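[1] based on what follows, work out the 3D shape:
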Amino acid sequence: MERRTLTAGDMVDSQCTRCKALLNHTIVAMVGGQVVRVKCNTCGSEHNHRPAKEPKAAAVKGVKAEKVAKTPRTRAAKAPAVSDEAIWEAMIEPLDPDLAVTYSMDGKFKPNTLIAHPVFGTGVVAACQSGKVEVVFKSGRKLLRSAC
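    Model (predicted):
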C-alpha cells in the first residue's frame, strides 16, 4: 500500500496541548515536508505539531539484565596517624619543650620553631606560607593562620 504525502488541510493525529489527548488535527503549516503547525478538530486550538509517541518496547518477562555489582564509594583513607606521630617525634626530639612559644594568629613563626597550641598541644612549624604555617602535631599536620 502506498503512503500518500501529507499537505496542508489534511488530517493527522497529534497530541493536543489543551485537551491533553491524542486527537485528530488539521494541518495548518508545513516546512520541508514536515508538519509544523496543526489545529485541533475537537477544541479548535492551534499549536505546534506533537506527533504520537512511539510505545516503548516491552522487556521480556523473566529475563533480567545482570546488575553490575558496584562497590560503595568511600573516602580515600588517610595515611595512618602513626607516621605523623613518628615525624612529630623526630622533629621534637632535638628541641626543648620548655621553650615552646604560645600560638596566636597574630604571631610570626619560623620553620623548626616549637609551638604550644591550646587545642592540639605541642607542635613544630614545618613550613611558612603567606598568612599560614604548617605545623606538625602528634595527631597530624595542621595548617594554621599566622602573620608570616
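[2] ok, how many other residues are close to residue 115?
    The burial count assigned to residue 115 is 23, neighbours taken as other CB atoms under 10 Å. Placement of C-beta: from N, CA and C, glycine included.
[3] mind giving me the packing neighbours of the helix or strand harbouring it?
    Element membership of residue 115, judged by DSSP states H and E, is strand 114-117. Contact partners of strand 114-117 among helices and strands, from 3 or more CB pairs under 8 Å, 6 or more residues apart in numbering; DSSP states H and E: strand 101-102, strand 121-129, strand 132-137.
[4] any chance of those strands in CSV, with mean neighbour count, distance to residue 109 and mean pLDDT too?
    Listed next are these as CSV, based on neighbours: other CB atoms under 10 Å; distance: least, CB to CB, whole Å; pLDDT from 0 to 100:
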stretch, mean neighbour count, distance to residue 109, mean pLDDT
strand 101-102, 11, 7, 90
strand 121-129, 17, 5, 89
strand 132-137, 20, 5, 90
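[5] now these in CSV, with distance to residue 38?
    Converted to CSV, those look like this (distance: least, CB to CB, whole Å):
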stretch, distance to residue 38
strand 101-102, 81
strand 121-129, 67
strand 132-137, 67
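[6] center of the protein - which residue?
    The residue lying closest to the centre of the chain (CA atoms, centre = their mean) is residue 73, at 13.7 Å.
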